[in-house]
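the following comprises the amino acid sequence and a computationally predicted model.
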Amino acid sequence: MNVYIRINSLAKKNHQNKRIMKEESDIIFNFPSRISEYSSIIVGIGGGASRIVDQMRKRCFLDVGLYAFGMNRKEMNELSLYNKYLIGQEGLGSGKNRFLAEYECNNSLPVIENILKNKLITVFVVCLGGGTGEGCIRSFLGKAKEMQSRAIILVATIPHSSEGKEKRKNALGLLKALEPMVDGLHIVDYDDFQCNTFTELFQKADRKIIQFTDAFVGMVLRYCLISFDFNDLRAFLECPTPSKNINFFTLTGSVDFLRSELLEEWCKKLPAKYSSVDDVAMIIFAIEFTDWLDDSEEATELMNVINDFMQQISAGTEVKWGIYRDETIPSHQYRINIFTKCKKQ
């Protein structure tokens, strides 16, 4: 059975409704069994973002809570997540009205406070262009800062050009306004994907968001063989660059595949603003494997590839790295997740 918590608007027109709402609120906001002491959380805001977070259930770590907030009752009911919350009382969606969404979200702050309190890493996922995401994200970010989340990451999608220039312009303007409220920002632009259908487009974008979020949070919450921890992540986020934007790409394959991809102009996999490796201010790369690394010839070859890769990085670039085990990777395959920050805007 689908379960969700309804967050009602507190604006009532008469005394009787206020009394009823007060009694109902005592029930709605009293849900200690639903709030576990997760060290970190991932929150989807709006129908599209909530659907993406719902897909993270198969990969999420035990210490990470997954939450979804939306205004459309039907969309929320379709989610498999346990922690899902309906903003407002109508359940008909925002109607692309970000001001309505913002108003209803502000009436939901008691619930949001309980979820965001004292978190190590808080990741917000939002699909810009919709009313709920654009209307609510500012309130969520402000409350996360107030509740002392130690690292606030915003993962946002930019509308496709086919949705109109004005919508894209508004989304980019909102991101610029939100950037001072976050510690890190990862942008997924639908225009960057070459697809034949919108279904394929959304699937590719969803997959990239899930890969980034899983890899980024996992660097801290998984056991690392060389002691990469939150302080290393914090140093990356605080690296002084013109933008808080985090660029990311991932490679999975054999040692020979990684050698061909990493040692031949790997910088071309980064956004166009990186004209060369000299534009990389800081880089983190996380190596993942399923077989224990030992003294085998294959392990030696892998370390040689990593060493050659590091030799390409400019002397002025700060480097951090980690090694993790992931049993979902096929045998004799390796994954390398690369995060960078750029010296340019």
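Cool, the structure landed. Computed from a predicted structure; not experimentally measured. Numbering: from 1, shown residues only.

residue 155 sits in which helix or strand?
strand 151-158 (DSSP states H and E).

helices or strands next to that strand in the packing?
Under the contact criterion of 3 or more Cβ pairs under 8 Å, 6 or more residues apart in numbering; DSSP states H and E, strand 151-158 touches strand 121-127, helix 131-146, helix 165-178, strand 184-189, helix 198-221, helix 230-237. Heads up, the C-betas are built off the backbone N, CA and C, glycines and all.

ok, the closest residue to residue 122 other than its chain neighbours to residue 321 distance?
What sits nearest to residue 122 in space, not counting adjacent residues and going by Cβ to Cβ, 6 or more residues apart in numbering, is residue 149, at 4.0 Å. Separation of residue 149 from residue 321 (Cβ to Cβ, to the nearest Å): 25 Å.

from the helices and strands packed on strand 151-158, which stretch is densest packed?
strand 121-127 (a mean of 28; mean count of other Cβ atoms under 10 Å).

got a list of contacts for it?
The contact list for strand 121-127 (Cβ atoms under 8 Å, 6 or more residues apart in numbering) reads 39-46, 48-49, 52-53, 116, 133-134, 137, 140-141, 144, 149-157, 209, 213, 216-217, 220-221, 230, 233.

and residue 289, which of the helices and strands packed on strand 151-158 is closest to it?
Closest approach to residue 289 among the helices and strands packed on strand 151-158 (Cβ to Cβ): helix 198-221, 13.7 Å.

next one: that closest one to chain centre, how far?
Put simply, helix 198-221 sits 8 Å off its chain's centre (Cα atoms, centre = their mean, to the nearest Å).

export that helix to PDB, keeping only CA atoms.
Provided in PDB are the C-alpha atoms of helix 198-221 (Å, rounded to 0.1, in the frame of the first residue of the first chain):
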ATOM      1  CA  PHE A 198      12.400  12.500 -25.000                       C
ATOM      2  CA  THR A 199      12.100   9.200 -23.200                       C
ATOM      3  CA  GLU A 200      15.700   8.400 -24.100                       C
ATOM      4  CA  LEU A 201      16.700  11.900 -23.100                       C
ATOM      5  CA  PHE A 202      15.200  11.700 -19.600                       C
ATOM      6  CA  GLN A 203      16.600   8.200 -19.100                       C
ATOM      7  CA  LYS A 204      20.100   9.300 -19.900                       C
ATOM      8  CA  ALA A 205      19.800  12.400 -17.700                       C
ATOM      9  CA  ASP A 206      18.300  10.400 -14.800                       C
ATOM     10  CA  ARG A 207      21.200   7.900 -15.100                       C
ATOM     11  CA  LYS A 208      23.800  10.700 -14.900                       C
ATOM     12  CA  ILE A 209      22.200  12.200 -11.800                       C
ATOM     13  CA  ILE A 210      22.000   8.900 -10.100                       C
ATOM     14  CA  GLN A 211      25.700   8.100 -11.000                       C
ATOM     15  CA  PHE A 212      26.900  11.400  -9.700                       C
ATOM     16  CA  THR A 213      24.900  11.300  -6.500                       C
ATOM     17  CA  ASP A 214      25.800   7.700  -5.700                       C
ATOM     18  CA  ALA A 215      29.500   8.300  -6.400                       C
ATOM     19  CA  PHE A 216      29.800  11.700  -4.600                       C
ATOM     20  CA  VAL A 217      28.100  10.600  -1.400                       C
ATOM     21  CA  GLY A 218      29.700   7.200  -1.500                       C
ATOM     22  CA  MET A 219      33.200   8.700  -1.300                       C
ATOM     23  CA  VAL A 220      32.500   9.500   2.300                       C
ATOM     24  CA  LEU A 221      30.000   6.900   3.400                       C
END
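
quick check: the residue nearest to residue 122 touching residue 116?
Yes: Residue 149 lies in contact with residue 116 (Cβ atoms under 8 Å); the separation is 6.2 Å.

tell me which of residue 149 and residue 321 has more neighbours.
More crowded of residue 149 and residue 321, by other Cβ atoms under 10 Å: residue 149, with 22 against 19.

wasn't the more buried one part of a strand?
No: read with DSSP: H, G, I helix; E, B strand; the rest coil, residue 149 is coil and lies in no strand.

tell me how this protein divides into domains.
As recorded under automatic domain parsing, the domains making up the chain are 5-215, 230-342.

paired strands for the strand holding residue 155, with orientation please.
strand 121-127 (parallel), strand 184-189 (parallel) (DSSP bridges).

show me the beta-bridge partners of residue 151.
Bridge pairing for residue 151 (DSSP bridges) gives the partners residue 121.

was I right about it contacting residue 236?
No: using Cβ under 8 Å, residue 151 makes no contact with residue 236, being 9.9 Å away.

what about residue 163, distance to residue 267?
In terms of Cβ to Cβ, residue 163 sits 31 Å off from residue 267.

in this protein, which spans are helices?
Assigned helices in the chain, in chain order: 15-28, 47-55, 73-77, 98-106, 109-116, 131-146, 165-178, 198-221, 230-237, 255-262, 297-312 (criterion: DSSP state H).

mind checking those helices for the one nearest to residue 247?
helix 198-221 (9.8 Å).

let's test this: mean pLDDT of that closest one, rounded?
Mean per-residue pLDDT for helix 198-221: 93.
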